[in-house]
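Novice: Dropping a prediction and its sequence here:
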Amino acid sequence: MTDISHQSAPQSRHAGSLLQKDSRTVRRNRAEARFKIYGIFAIAVGMLMLAVLVYNIVTRGVGAYSQTFITLDVELLESKLDKNGNRNLEEIKKVTTFGYAPLIKNAFEKKVEELGIKTPLKPKDQAAILSKSAEAQLRDFVIANPDKIGETIEFRFLANSRVDGYMKGRVTRESIANDKSISVEQLDLVDQLHKAGVLNKTFNIDFITGADASDQRPEAAGMGVSMIGSLFMMLVVLALALPIGVAASIYLEEFAPRNWLTDIIEVNISNLAAVPSIVFGILGLAVFINYMHLPMSAPLVGGLVLTLMTLPTIIISTRASLKSVPPSIRDAALGVGASKMQAVFHHVLPLAAPGILTGTIIGLAQALGETAPLLLIGMVGFIASNAPDSIASGLLSPNSAMPAQIYEWAKRADPAFYERAWGGIIILLVFLVTMNTVAVILRRRFERRW
Amino acid sequence: MPTYWLVLSLLVLAAVGYVLGRNRALQTAGGDTRALHSLPNYYGLNVALTSLVPALGVLIVWMLVQPVFVDSRVSTLIPDSAVPEDATLDLVMSDVRRVADGLDEAVEQGALTPSEARQLDAEATDIRARLGEVGVALGSDVRPEVLRAAQRYRQLTSVGKTAMSIVVAVLALGGLAWSYSQTHKDFRARNVVEKGVLALLVVAASLAILTTIGIVFSMFFETINFFGLHSWKDFFFGSTWAPNFRGDSELSILPLLWGTLYISFVALLVSVPIGLFAAIYLSEYANGATRSFAKPLLEILAGIPTIVYGLFALLTVGPMLADVFAKGGLLGVEWMTGATSVVTAGVVMGIMLIPFVSSLSDDIINAVPQSMRDGSLGLGATQSETVRQVVLPAALPGIVGAILLAASRAIGETMIVVMGAGAIAKFSLNPLESMTTITTRIVSQLTGDTDFASPETLVAFALGLTLFVLTLGLNVLALYIVRKYREQYE
Amino acid sequence: MNDMSRLEKAVDTRQTKIAAKNVQVYYGDAHAIKDVSVEIEDNTVTAFIGPSGCGKSTFLRCLNRMNDTIDICRVEGDILLDGEDIYDKRVDPVQLRAKVGMVFQKPNPFPKSIYDNVAYGPRIHGLARNKAELDEIVENSLRRGAIWDEVKDRLDAPGTSLSGGQQQRLCIARAVATEPEVLLMDEPCSALDPIATAQVEELIDDLRKRYSVVIVTHSMQQAARVSQKTAFFHLGNLVEFGETGQIFTNPKDPRTESYITGRIG
Amino acid sequence: MNDMSRLEKAVDTRQTKIAAKNVQVYYGDAHAIKDVSVEIEDNTVTAFIGPSGCGKSTFLRCLNRMNDTIDICRVEGDILLDGEDIYDKRVDPVQLRAKVGMVFQKPNPFPKSIYDNVAYGPRIHGLARNKAELDEIVENSLRRGAIWDEVKDRLDAPGTSLSGGQQQRLCIARAVATEPEVLLMDEPCSALDPIATAQVEELIDDLRKRYSVVIVTHSMQQAARVSQKTAFFHLGNLVEFGETGQIFTNPKDPRTESYITGRIG
Amino acid sequence: AAARDNVQVAGSSTVLPYASIVAEAFGENFDFPTPVVESGGSSAGLKRFCEGVGENTIDIANSSRQIKDSEIEACAENGVTDIIEVRVGYDGIVFASDINGNAYEFTPSDWFLALSDKVLVDGQLVDNPNNTWADVNPDFPAIDIQAFVPGTKHGTREVFEDKVILAGCEETGAFEAFKAVNGDDKKAAEKACISLRTDGKSVDIDGDYTETLARIESNKDGIGVFGLAFYENNTDKLQVATMSGVVPSTETIASGEYPVSRPLFFYVKKAHIGVIPGLKEYAEFFVADEVAGPDGPLAEYGLVADPELSETQQVVADEATMDSNS
Ligand SMILES: Nc1ncnc2c1ncn2[C@@H]1O[C@H](COP(=O)(O)OP(=O)(O)OP(=O)(O)O)[C@@H](O)[C@H]1O
Ligand SMILES: Nc1ncnc2c1ncn2[C@@H]1O[C@H](COP(=O)(O)OP(=O)(O)OP(=O)(O)O)[C@@H](O)[C@H]1O
Ligand SMILES: [Mg+2]
Ligand SMILES: [Mg+2]
């Protein structure tokens, strides 16, 4: 029907009933349906992958949000903690955590006796099911409350990672056959303590608020401080990359004369996007730390480096969306006597906003998840600082970042860290989604067709 | 924090200036905005900016220069003899600064009165202990000359601060007064403000150039060192990448380059069609609700840490491919020897890159005017024909930008490559073999245990710089293509 | 008026091409077309006239379902093309639009070369077997659109770089190139000078021999010159519909009369 | 023609508002305007007529430097506004465009509300001291644009959801709202029905009392009705420029004559 | 700029776990803030260490190998002259396979025969023909060779090459053959010895031990190279192979019976002592008996305590720099 020869004469080539599709239309419709299916398929693939990844992350990571604790009554023996009995803080501080171990051992022994638990273990081995952070916890308490020395206080100590793993089912009696750190007898003890209600698994807020802990204490490690580090870095990135990126794009797209110089800048910017992120770390080390003498391991430097890294993404997407605003809009504004600047800021920019926000979302997501450049400016490793007390210290005192923390945990030997790494990823994603939500809502407000 | 206060008062002053300028402009125009050259806001902004920007600029420069100046003045107080033989003046100076900070802290906490702090005597008091009480830790006991220097340091700093405050205040007030006096109904306030804004825009754009210069410089010298130690012929034209700890390694970029291109190509092969089709579907077919949740969800893919993708490649995708292509696999072929391969890494990376292509393209496609679509549909084109032949060409520059961004990301990715593609550099056409990329080698060599002055480490810089030049070439090409095929609507 | 007499002869033989019955169109809550019924005949030029904003374009766009592309637009009632309901589920709007072509009110050339603009329709409908045939179609269409002479040397130039009137003629040429059975033209001559207008009118008259043409125009003269039937819209209502001669000489509705007599252009 | 007589009286007192001397415009290599010199007087409506694609819009856009926005467009020659060269380096095109307003050939409302479309100009030029004044300006402008009645209930609706003719009138209202000294109108009535056209023509006549108006039109009648001076362009040349009455009744150039007598619309 | 008050450490990721344990305990027991311990590899750590003297440079570099002469020179060029070298203990390197897989008793020759690019067959150097472990040693099961060895950036790789492959090369006599082929050039022969096959039987792992573990989990026949500490934390998933009949443990490594181990170091910038608060205290704390001794937390975690720890303590106490040592 469609392919009949070209006649100068009469009938339209589209004659025939509408209800019967001619062969060409059928063919085209099939192409159309295929095209649409490709689209659905593409989205489905994306969604499926997201679901698989999120499922993986969540199933592996939820374990980190609960933790095994042991409740003990510890007698703060004056004879051990303050031999002179004068409550001089300097002297109390002289007692190291090693000196607190006996107190805990005693407390444990007493508890076991009290509960009538029979175990072949020596008291030292009994207490070994506690986390190594117990001593530090005790010492911190005593230093904060020297007047409590001599009293008996109830403490909630973390159990060590093997015990915690046992409670979560990760560690079994079979799996510890060759394990030096824990024995079957200790697990028996754990079972009995659990039955007695002394040892319990509860929600672990410290994982969300706490700081990193060393390789020996996975149970004590938390994301809190690195979260703050990431937050400050993101603030820096947002405060710098977005305005600078948008400003640069506006200049290049709307004001710059078209010549080789702007061509160079243009190519340059796209090229910066392809620079491996670690190179930005090299740059940051050279410029911000060695040259400008900013402090090492500081979120400010991290933020600056990530800003440089994010800029190209924002600039490229902003330029693309500025380009896609029809010229008639600019003409209309100029025609009523708006300056170019006004035309851009009043009309073009709002219309380009969705693309700018998309660039920001993607750029920030990238910045939020990036570790490599942080490696060179000292934000990856063991950085167990305290939560900062002011904005300035948040920016300047050493801190890590969420992805760096996760990356470090994933490398550590104790499998308990593995669980925490995934748990950390959950927090990272929640952080990301929160950040994106704002942008997505804004973007929806700006979206329109014309 | 007096500097905070200074900045704050500058801001307040600017705000006041804004109001003043605005009012004065209105006043000269007799309250009639129509008589003004520009909108009243511009007069206000002009005054605000003129009082704020120079003052702020001077403030920043002053804060950068003053420590250097004070340091140089104070360091003359430290006799050479006071510098321990194994230390440098620099270190003594940081001690001085620390003591000075400590004194400040002590004064602030009330442990010392200001005059005490000025008159403290190192011989008479145990300064380390006194400062320890207020929580300032010092590395060693304070020597008298250090204390003297520290006191001088405090004095100079406080004088400097006062001077700075005065200068900045004068500048701000002067700027305010001057611009205020300039404010007049015929004053071209808008032009002035816009010029200022334009200058800011130019500064922002040139930052990209600065970054590039910085990158090139931070790698250039080490690259030179590398070529001093290693033959450039081997680097550019060799065929083997085999660093070892004994020196005399073969370090050729070619196998790495091949791996980079191959893996990125596979990644784009996955992400571009999926991303583009997703974008098309979202902007052309999907209803508002689908779009408003599918797009942000896809964007999460860009934010999942790459380590997760790496593990996904290693634990899920790799073994899955191996089940099919490896020995004893479904196909009964032996094309794959382990879980790592170009395809493993490429596919997983492709998934990560989907939102780079989809979200940006979606925005651009969405920005194509509806009248273009109407024109095509009105001729009896199907929606897919419209998309392919009218919408996509019109959105081409933006889409190319998005793809370039994805390609850039693919080239720059490490974790997925390390875990998914392996660490062996080789030339092979088989996409089921392990390969590696330039970027991962840069990271490896920089973060490894080799001698940092050896070619095995320095090669990272040469790789980085070469990659930089190569991608520059690719970008020039892309620019050329976009220029050639760009279709401007309206 | 020799035009008039010519048509009257043909009138009886004509068949209904498009029949619209009780068509209602809403933009969101706004009722843009109110219960319009009209019959458009084959081999006829039907003119839609009426004040700006009365719903002419809206109704025109219903006839080839271009309103589908406006989210908030809702169409009710029946529109039959050759007796078949075009809003039927089984009808493919693509096939419909191939039969019922359209020239839009605002010229909207594609951001492609002039050649590609015109070749676009024939290409997607497979109207040409080879390049030479396509070239011929393009040339023919541009000639019929009365723009060939102006663009024959710059067929590679983008369609968007043409002047307003040239763009409009390009869009006409583009629509003609697909050889629709019905051609809907929304103010096709609004940006054209008298000579170009005359050429387009000639084209319309030519098209009528084989097809059916609907034209929206603000020029009463034009309506009188080219159309055999005229429909007068007012505030979304079809006030009067009839033979052009009758509408212009002897309108039944007072609104029609006042609109026509208030004529100036 | 009573219009004619009315103008002739005023002719002598008028001053030159815009003087264009030897203007050449190139689009890349294409020479679109060839050595055009023309004087546009104050308190006068000047009509540009000529076949489609002859360069009317191009020349019009030179007068307020809108051609600056087209990369490939190059303008040579002098254009003086009140004796000052508008292409002088010191001239701020923004100020120029505030003085010389423009209505484009293709209606291009902002994708904002109708109210904001009109209020935009007054806002950036500070023409209103408060909301009430602004409201008044908007209402007045919309009234002058002959569209107030149609949109007064939907000032919040986007300007892009209007019909073609409504958009055109909205753009006129938008241009009028900034009170330019010279108003350039590129086919302002092309999509308007006769009544709306009459209202816009009334507006033009009204504007003339204080300002100078340049109008591009394809309708000879319209040119004759509203303009006092007419310029006829052909293939980029200004063929003839003079009193409207003289051009239409007694054209000097044969090309003008043939264009005018070939008139149909 | 405010002065820095925390000790800043960077370097080897092998030393990092030990350094972090020490840093944490240090922070708990002293008034000084917890030191910051960065990872990034020995090379990057030493490089930053050698960048100069001053607050914006690090105080301590952790290293899993001794500092090289070229690095000392580079340091000196930047004014870093007085460096205190502190050896903290040894890192054992073990071979392990999946817990449910086969147990192995290796000798260096087995590894050489399994992984080398070329081996000696009937007196001829040929491309490695061994496909299964049984080909290497009839005692082993006939499963495909799949070894996960550290990538060339890891210090472990150097030890693996030196103490296993090269040793195997010599044991099997291939070394002499290589030497003969290379015209008696010992260096070239060594290089030939340690070049591993590239047909996928030997897989370089560029990541860390968790990656090696993951590889073994997804390929149960694989054998991987691990640090002792890592193995000890994952005994539920891995079984360790003996080397020349010795089971690796802190004791056998300390006594020298188990051959594959390497010393771990950190380097202190002497110029910073007395300037950066807590620097010397940290260094002393690190090597204290209760920390780095055989019963201390480091040993518990897997560090092989240095039998000569007391000498090291002395070095730190005296702030003895490397030059004055040698
Ligand atoms: N942006 C452009 N790039 C290249 N050529 C152009 C451009 N705009 C217009 N032209 C060409 O310049 C010539 C004059 O165009 P102009 O728009 O001035 O015509 P016009 O007189 O307004 O015609 P019309 O009545 O059709 O609007 C035409 O040949 C046109 O094709
Ligand atoms: N997309 C839209 N959304 C909402 N309302 C619309 C839309 N398009 C048109 N309208 C309204 O519908 C009514 C009819 O519009 P239509 O475009 O059909 O008028 P028209 O008769 O073609 O007028 P004109 O002669 O000015 O083109 C008008 O009031 C208009 O404002
Ligand atoms: Mg219309
Ligand atoms: Mg025009």
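Specialist: Received the coordinates, thanks. Numbers count the residues shown, from 1 in each chain, chains lettered A, B, ... in the order given. Ligands and ions are numbered 1, 2, ... in the order given.
Novice: residues in contact with the residue of the stretch 51-200 of chain E found nearest ligand 1?
Specialist: Among all residues of the stretch 51-200 of chain E, E:N56 sits closest to ligand 1, at 57.1 Å; criterion: Cβ to the nearest ligand atom. Placement of C-beta: from N, CA and C, glycine included. Taking Cβ atoms under 8 Å, 6 or more residues apart in numbering or on different chains as the definition of contact, the neighbours of E:N56 are A:289-290, A:293-296, E:4.
Novice: Is it located within a helix, as I assumed?
Specialist: No - secondary structure of E:N56 (DSSP: H, G, I helix; E, B strand; the rest coil): coil, not part of a helix.
Novice: Tell me how far it lies from E:A271.
Specialist: Using Cβ to Cβ, to the nearest Å, one gets 13 Å for the distance from E:N56 to E:A271.
Novice: Name the nearest residue to the residue in chain C positioned nearest to chain B, sequence neighbours excluded.
Specialist: For chain C, the nearest residue to chain B under the criterion Cβ to the nearest Cβ is C:A98, separated by 3.1 Å. Excluding the flanking residues, the one nearest C:A98 by Cβ to Cβ, 6 or more residues apart in numbering or on different chains is B:G380, at 3.1 Å.
Novice: what residues are up against the one you found?
Specialist: The neighbourhood of B:G380, defined by Cβ under 8 Å, 6+ apart, consists of A:14, C:94-99, C:101, C:121, C:124-125, C:178, C:180.
Novice: of those, list those near ligand 1.
Specialist: The subset of the contacts of B:G380 within reach of ligand 1, by Cβ under 6 Å from any ligand atom, is empty.
Novice: Same list, the residues you listed, but only the ones touching ligand 4.
Specialist: Restricting the contacts of B:G380 to those adjacent to ligand 4 (criterion: Cβ under 5 Å from the ion) removes every one of them.
Novice: pLDDT and neighbour count for those residues - can I get that in JSON lines?
Specialist: JSON lines is the format used below for these (pLDDT from 0 to 100; neighbours: other Cβ atoms under 10 Å in any protein chain shown):
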{"residue": "A:H14", "pLDDT": "63", "neighbour count": "26"}
{"residue": "C:V94", "pLDDT": "85", "neighbour count": "25"}
{"residue": "C:Q95", "pLDDT": "85", "neighbour count": "25"}
{"residue": "C:L96", "pLDDT": "88", "neighbour count": "23"}
{"residue": "C:R97", "pLDDT": "89", "neighbour count": "26"}
{"residue": "C:A98", "pLDDT": "87", "neighbour count": "29"}
{"residue": "C:K99", "pLDDT": "88", "neighbour count": "25"}
{"residue": "C:G101", "pLDDT": "90", "neighbour count": "28"}
{"residue": "C:G121", "pLDDT": "90", "neighbour count": "26"}
{"residue": "C:I124", "pLDDT": "88", "neighbour count": "22"}
{"residue": "C:H125", "pLDDT": "88", "neighbour count": "24"}
{"residue": "C:T178", "pLDDT": "89", "neighbour count": "28"}
{"residue": "C:P180", "pLDDT": "89", "neighbour count": "28"}
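Novice: Select from those residues every entry located in helices.
Specialist: Counting by DSSP state H, those place C:94-99, C:121, C:124-125 in helices.
Novice: between the residues you listed, which is closest to B:M349?
Specialist: Nearest to B:M349 among these is C:I124, at 36.4 Å by Cβ to Cβ.
Novice: Distance check, the closest one against C:D253.
Specialist: Following Cβ to Cβ, the distance that separates C:I124 from C:D253 is 43 Å.
Novice: Phi first, then psi, for the closest residue to chain D within the stretch 251-400 of chain A.
Specialist: When distances are taken as Cβ to the nearest Cβ, the stretch 251-400 of chain A reaches nearest to chain D at A:G337, 3.2 Å away. As for A:G337, its main-chain torsions (degrees, to the nearest 10) stand at phi 90, psi 20.
Novice: Next: C:D193.
Specialist: Backbone geometry at C:D193, expressed as degrees, to the nearest 10, gives phi -80, psi 170.
Novice: That one and D:H218 touch, don't they?
Specialist: Yes - under the contact definition of Cβ atoms under 8 Å, C:D193 touches D:H218, with a separation of 4.7 Å.
Novice: so what sits against both of those two?
Specialist: Counting by Cβ under 8 Å, 6+ apart, the shared contacts of C:D193 and D:H218 are C:165, D:49, D:52.
Novice: Any stretches of the stretch 101-250 of chain A with poor pLDDT?
Specialist: By pLDDT under 70, the stretch 101-250 of chain A contains no weakly predicted segment.
Novice: quick one: the strands in it?
Specialist: In the stretch 101-250 of chain A, the strands defined using DSSP state E, counting those that start in this stretch lie at A:152-158, A:199-203.
Novice: No further questions, thank you.
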